[in-house]
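> Turn this into a model:
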Amino acid sequence: MERHITVPMTREEAKSLKAGDYVYLSGTIYTARDAAHKRMQETLDRGEQLPISVENNIIYYMGPCPAREGRPIGSAGPTTASRMDKYTPRLLDMGLTGMIGKGKRSPEVLSAIVRNGAVYFAAIGGAGALLAQRIKKSTVIAYEDLGTEAIRELEIENFPVIVVADADGNNLYETAIEQYRKE
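Presented below is the predicted three-dimensional model:
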């Protein structure tokens, strides 16, 4: 199924998505990679507030290339999501409704997705230049010293993703393999 969703995304919207759905996201999302996730974990461990609210928000695992003149961002392809797995269940428990990355997730993350009625999207790896065309504005809002790994707020329009893991526990990486074996 093809869906268009305005983000931030509610739990009800996240729960309505099914593994295999093609989704076009428009609105505001945030970026964070390894170093930003580590810093967010340390912030929470100290009992401090995060620099962004994760409630009903989506984090895109991406560190952009420098922007060309006249563009808000450079190539903006996804990074491997499993590197954030040790931090993700806590963020999901705090209200994060979605993540965008590439590759498989750990059983702990998949369980947290189901427990929290969230969703994991995949963006097409290797298509960073094309994905960047869907980003209308990019603003560093935290951890500027981390360079490309700083947290950015992105305004996106019709950003293409595929639901990989849904709130019902379906995992496209597993079901697609089974479907392939049957054919």
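> quick one: contacts for Ala132?
By C-beta atoms under 8 Å, 6 or more residues apart in numbering, the contact set of Ala132 is Pro64, Arg71, Ile73, Gly74, Ser75, Ala76. Yep, even glycine has a C-beta here, placed from its N, CA and C like the rest.
> same thing with Ala150?
Neighbour list for Ala150: Thr31, Ala36, Val140, Ala142, Tyr143, Glu144 [criterion: C-beta under 8 Å, 6+ apart].
> again, but for Val54
Counting by C-beta under 8 Å, 6+ apart, Val54 touches Leu91, Met94, Gly95, Leu96.
> and if we set it to 10 Å?
Each residue near Val54 by C-beta atoms under 10 Å, 6 or more residues apart in numbering is listed here: Pro8, Tyr30, Ala32, Met40, Arg90, Leu91, Leu92, Asp93, Met94, Gly95, Leu96, Thr97.
> per-residue confidence at the fourth one?
I take that to be Met40. You'll see Met40 listed with a pLDDT of 98.
> where do the helices sit along this structure?
Listed in chain order, the helices of the chain (DSSP state H) span 11-16, 34-45, 88-93, 107-116, 128-132, 172-182.
> just those: most buried one?
Neighbour counts (mean count of other C-beta atoms under 10 Å) averaged over each of those peak at helix 88-93, with a mean of 20.
> Kindly format the C-alpha coordinates of that helix as CSV.
The C-alpha coordinates for helix 88-93 follow below in CSV (Å, rounded to 0.1, in the frame of the first residue of the first chain):
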residue,chain,number,x,y,z
THR,A,88,16.9,2.8,20.6
PRO,A,89,14.7,0.9,23.1
ARG,A,90,15.0,3.7,25.6
LEU,A,91,14.1,6.4,23.0
LEU,A,92,11.1,4.3,21.9
ASP,A,93,10.0,4.0,25.5
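> gap between it and the chain center?
Relative to its parent chain, helix 88-93 has a centroid offset of 13 Å by C-alpha atoms, centre = their mean, to the nearest Å.
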